[in-house]
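**Student:** sequence and predicted model, in that order:
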Amino acid sequence: MSKLLNKVLDVPQESVENKISIEQAQSLILSKNKKVAFFAGAGFSKAYKEDYPLGFNLFSVDDFQTLKANFNFYTIANDLGIKAPCNESGPEFNKDCYRFFSQIKYHLDIYKRYPSLMPSFLDYSGIHFLEEEIRKFIKNRFVDLVGEDELQLNCNTSSNLTSFFESIVELKDFTFITTNYDYVIEKLLYHSKPSIKINRGITSKKCFDEVNTGRATISLFKINGGFDIHQDHKGRYCVDYSSKEVPNIILPSEEQNYDDKYFRTIFLKSAEKLRQAELLIFVGYSLPYEDKAIQFLLKNFSDSTSNNKQIIFMGRSYNSAKEKLAKLRDLFPAVFEKGGVSLLDGSFEDFIKP
C-alpha cells in the first residue's frame, strides 16, 4: 500500500539506500581516482561565515525612502507600473523585494529585445545605466551585510572549511561551480595554497599581464558572475578583487538571461566539466524554481556514457536534504534509478568538522 501511495503522490520512497554517512562521503570525495564537481550555493558561504546572506536576503531593501532618494531604478520602476513591496516586514518581505528587482530586470530585457515596446522616457543607454545601478546596489548590500573586508582575499582561518580545502587542494580534476557572487572559494583556495592556479573559464586580462596563465588543476566557474569579475573599456575580462568597477553579475529576473559572452563561455565550460565528472556534490544549494537555466545546465551531468555517476546532496540536515529528493529525481532520473543519488546523513557543517 505504501509503495502504491508513493507512486500516486509521485514522491520518491525514503530508503536507507538514499542515505550516506559522513565517513563514506569523505572517502568518496577524497578518492584520487574520481573526477569531482562541487556545486555550491549560498549555504556554502554561510558555513564559512554566519553573516553571509541566504535565500532572497541579498536582494532585500532596508529602507525604501533611502532607495527612492538615491537610485533611479526606483523611480523608473514606478513609472513602469512596478510597485515596491508595501509591507517592509514579515516572512514574505525578502521574497517580495526579490520579485521587485526581477520585474524591473525582466521589463528592461523585454525592451532590449523588442525596442518598439520601449516607453518614450527610456533608451538603450538608460537601460545600461539602470542595470549598472542595480549591480552597484547589490554589491553595496553585500558589503552592508558582511563587511568590506569580505571583498578581499584574506581568509577567516578559524573556519572549519579551511582544513577541508587543505585536504582537497592537491586533488586533480576537482571543479567548483557556484551561483554565489562572493570570494569564499577563492579565499579558501588561496589560503590553502597561495601559488595555486585556478581555471576560471575565461582569460583574465590582469592574470595575463602578470604572466599567470596556463594549465590549472582546479576549476572555478561562477555561473552567475561575481563581484570580482569586470570588463575593461575594450570588453576584455578582468578578475580583480580590489576593483571599484561595476561587477559582471546576473541580476534577478523573471526570465534569466545568460546571453552575455561571459555567461555563455562559463556555461559551456561548466557543462563540459559536469559531463566529465563522476561525482557531483551539492552543498548549500536548494535547487530553487527560479534557476531554470541552471537546471538545464545541471542535466549535463547525466549526459555521459559513464555508468558510475554518483550524486551527494548536503543540506542543513538529512531531513532538509530529503525535501529535495523529488527535485533530484526529476533532474537526474537515470542516476536516481541506478541508486546513484545519496543524501548526507548530517549537515554540511558536520561534514567539515575536523
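**Tutor:** Received it, and whenever you're ready, just let me know what you need. The structure presented is a predicted model; accordingly, all values stated were derived computationally and were not measured.

**Student:** and the strands in the stretch 51-200 of the chain, which stretches?
**Tutor:** Using DSSP state E, counting those that start in this stretch, the strands of the stretch 51-200 of the chain run over 174-178, 198-199.

**Student:** K35 is in contact with I281, correct?
**Tutor:** No - in this structure, I281 is not within contact of K35 by CB atoms under 8 Å, at 11.8 Å. No exception for glycine: its C-beta is placed from N, CA and C like everyone else's.

**Student:** could you export the strands of the stretch 51-200 of the chain to JSON lines, including columns for mean pLDDT and distance to N307?
**Tutor:** Shown next, in JSON lines, are those (pLDDT from 0 to 100; distance: least, CB to CB, whole Å):
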{"stretch": "strand 174-178", "mean pLDDT": "94", "distance to N307": "20"}
{"stretch": "strand 198-199", "mean pLDDT": "88", "distance to N307": "27"}
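
**Student:** just give the closest residue to the spatially most central residue of the chain, not the sequence neighbours.
**Tutor:** A centroid search over the chain (CA atoms, centre = their mean) returns T179, at 0.9 Å, as the residue closest to the centre. The spatial neighbour of T179 that comes closest, neighbours along the chain excluded (CB to CB, 6 or more residues apart in numbering), is N224 at 4.9 Å.

**Student:** contact partners for the one you found?
**Tutor:** 178-181, 249-250 (CB atoms under 8 Å, 6 or more residues apart in numbering).

**Student:** measure it to V61 for me?
**Tutor:** 20 Å (CB to CB, to the nearest Å).

**Student:** over to P354?
**Tutor:** 39 Å.

**Student:** backbone phi and psi for E290, please?
**Tutor:** phi -70, psi -20 (degrees, to the nearest 10).

**Student:** I'd like to know how many residues surround it.
**Tutor:** 16 (other CB atoms under 10 Å).

**Student:** list the contacts for it?
**Tutor:** 102, 252, 256.

**Student:** again, only using 10 Å
**Tutor:** 56, 98-99, 102, 252-256 (CB atoms under 10 Å, 6 or more residues apart in numbering).

**Student:** swap in A77?
**Tutor:** 67-68, 71, 83-84, 100-101, 103-104, 107, 130.

**Student:** again, only this time at 6 Å
**Tutor:** I104 (CB atoms under 6 Å, 6 or more residues apart in numbering).

**Student:** again, but for L280
**Tutor:** So L280 contacts 37, 301, 311 (CB under 6 Å, 6+ apart).

**Student:** I104 is in contact with P252, correct?
**Tutor:** No - contact criterion CB atoms under 6 Å: P252 and I104 do not qualify, at 8.7 Å.

**Student:** mind listing the helices for the stretch 1-150 of the chain?
**Tutor:** Using DSSP state H, counting those that start in this stretch, the helices of the stretch 1-150 of the chain run over 2-9, 22-29, 42-48, 64-70, 72-79, 93-113, 124-146.

**Student:** okay, those helices in CSV with mean pLDDT next?
**Tutor:** Listed next are the helices of the stretch 1-150 of the chain as CSV, based on pLDDT from 0 to 100:
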stretch, mean pLDDT
helix 2-9, 38
helix 22-29, 90
helix 42-48, 92
helix 64-70, 90
helix 72-79, 94
helix 93-113, 95
helix 124-146, 96
